[in-house]
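1. coords please:
(chains A and B)
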Number of protein chains: 2
Amino acid sequence: MKNLIEIPQKKELIYKGRYLEYHLDHVTLPNGQIATREYLHHPGAIAAVPLLDTGEVIMIKQFRYPTGSVILEIPAGKLEAGEEPLTAVRRELIEEIGYEPQKVTHLISCWTTPGFTDEIIHLYLASELKPCQGELDPDEFLEVVTFNKADLLKLLSTPGLIDGKTALALALVQLRDLW
Amino acid sequence: MKNLIEIPQKKELIYKGRYLEYHLDHVTLPNGQIATREYLHHPGAIAAVPLLDTGEVIMIKQFRYPTGSVILEIPAGKLEAGEEPLTAVRRELIEEIGYEPQKVTHLISCWTTPGFTDEIIHLYLASELKPCQGELDPDEFLEVVTFNKADLLKLLSTPGLIDGKTALALALVQLRDLW
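-> Residues are numbered from 1 along each chain as shown, chains lettered A, B, ... in the order given. I've put the predicted structure just below:
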């Protein structure tokens, strides 16, 4: 196997944000040359497809400021410090849609965009949902919408823009015939 | 439909990197409160599943500095200024694997991580591949590897970490029975 490794020589923290950190590192390339690498440090995230006993899926619509638009997504959220992914799934589903899952099935864990961030997202199917009282963070605003399987599959072949984690999670639920 | 829109009031450019820009905006929330939103501006990207006439797929292994590891991915790259996605697909496949596609089929276009970046990635299936002379950027190092369909499908059910765009593109090729 070829040597592909880049070795850090000097690390700079350019900006420490509310939960993201922007880094600029100087690295030695496999050929001995020096280059810079810019990246975001991210705490990691989870997302889950909440599947009702009726076969319908609960989705959310949310204004995503960086995109300038309202996006249809499965419930998702960042991991809090030291939080286990499964704890975060339960917390986010209660907060965002007011359901507590009795069963959580792992779908996949991914690097979201390994070119510029270390973010890992863990995707799940959440089922046997029990309604409960949710409460959103004070700066979160969203609309809860329910979709049936046929409409969700149509989303996967839309020519328009779709949320990446949502597309991947729905594709895996379909491939594994989990609904 | 609920009002979900956040209105920018003040925009700060925190850092302008080589191709990423880190922004911090102050916004008015739907309830009138003020909050801050941090995000990365990204030029957009493409990725493609290069399918040989034999049914095998050409992948690359690359050290992705933010993740600290060598990752298996389909060929991908950022859009250059004003570049059409299809032009970028052709360019990246020539550069990274030394093949020129005669046929390119759109799979999906996604927001990669709409919580903190405006990055859009366009995913394709690239087929009818013609070998040609590739040339990598001077700071790019990668290993080209060929996988058969069975091994690619196994990747989708690995408990380990996988690249998100690669997982989504392979899942869609399988769902649409394109190989």
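2. how near is the nearest residue to residue A:73 once chain neighbours are set aside to residue B:125?
-> With C-beta to C-beta, 6 or more residues apart in numbering or on different chains as the criterion, residue A:73 has its nearest non-adjacent residue at 4.6 Å, and that residue is residue A:163. The way it works is simple: take the backbone N, C-alpha and C, and place the C-beta from them, glycine included. Distance from residue A:163 to residue B:125, counting by C-beta to C-beta, to the nearest Å: 21 Å.
3. mind checking which of the two has more residues around it?
-> Comparing residue A:163 with residue B:125 by other C-beta atoms under 10 Å in any protein chain shown, the one with more neighbours is residue A:163, at 26 against 23.
4. how near is that one to residue B:71?
-> Residue A:163 sits 22 Å away from residue B:71, going by C-beta to C-beta.
5. please apply the same query to residue A:103.
-> 31 Å.
6. which one of those two has more residues nearby?
-> Legend: neighbour count by other C-beta under 10 Å for residue A:103 and residue B:71, higher for residue B:71 (18 against 11).
7. so how far is residue B:38 from the more buried one?
-> Taking C-beta to C-beta, one finds residue B:71 at 26 Å from residue B:38.
8. would you map the strands across chain A?
-> With DSSP state E applied, chain A shows strands at A:7-16, A:21-28, A:34-41, A:45-50, A:57-64, A:69-73, A:76-78, A:99-111, A:120-131, A:142-147, A:161-163, listed in chain order.
9. hey, which of these is tucked in deepest?
-> strand A:45-50 (a mean of 26; mean count of other C-beta atoms under 10 Å in any protein chain shown).
10. which residues touch that one?
-> Applying C-beta atoms under 8 Å, 6 or more residues apart in numbering or on different chains, the external contacts of strand A:45-50 come out as A:57-58, A:73-79, A:85, A:88-89, A:92-93, A:97, A:99, A:101, A:104, A:107, A:112, A:119-127, A:129, A:165-166, A:169-170, A:173, B:115.
11. what lines up beside it in the sheet?
-> Strand pairing for strand A:45-50, determined by DSSP bridges: strand A:76-78 (antiparallel), strand A:120-131 (parallel).
12. next one: the first one to chain centre, how far?
-> If I follow you right, that is strand A:76-78. Computed by C-alpha atoms, centre = their mean, to the nearest Å, the chain-centroid distance of strand A:76-78 equals 6 Å.
13. circling back: mean pLDDT for the strands of chain A - can I get that in a markdown table?
-> Output for these, formatted as a markdown table (pLDDT from 0 to 100):
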| stretch | mean pLDDT |
| --- | --- |
| strand A:7-16 | 96 |
| strand A:21-28 | 96 |
| strand A:34-41 | 96 |
| strand A:45-50 | 98 |
| strand A:57-64 | 97 |
| strand A:69-73 | 97 |
| strand A:76-78 | 97 |
| strand A:99-111 | 98 |
| strand A:120-131 | 98 |
| strand A:142-147 | 96 |
| strand A:161-163 | 97 |
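14. distance of residue A:109 from residue B:45?
-> 21 Å.
15. next: residue A:85.
-> In terms of C-beta to C-beta, residue A:85 sits 26 Å off from residue B:45.
16. residue A:165 too?
-> 16 Å.
17. likewise for residue A:142?
-> 27 Å.
18. got it, and residue A:80?
-> 29 Å.
19. tell me the domain ranges of chain A?
-> Segmentation of chain A into domains, based on automatic domain parsing, reads A:7-41, A:45-175.
20. nearest to residue B:22, out of the strands of chain A?
-> Among the strands of chain A, the nearest to residue B:22 by C-beta to C-beta is strand A:21-28 (5.0 Å).
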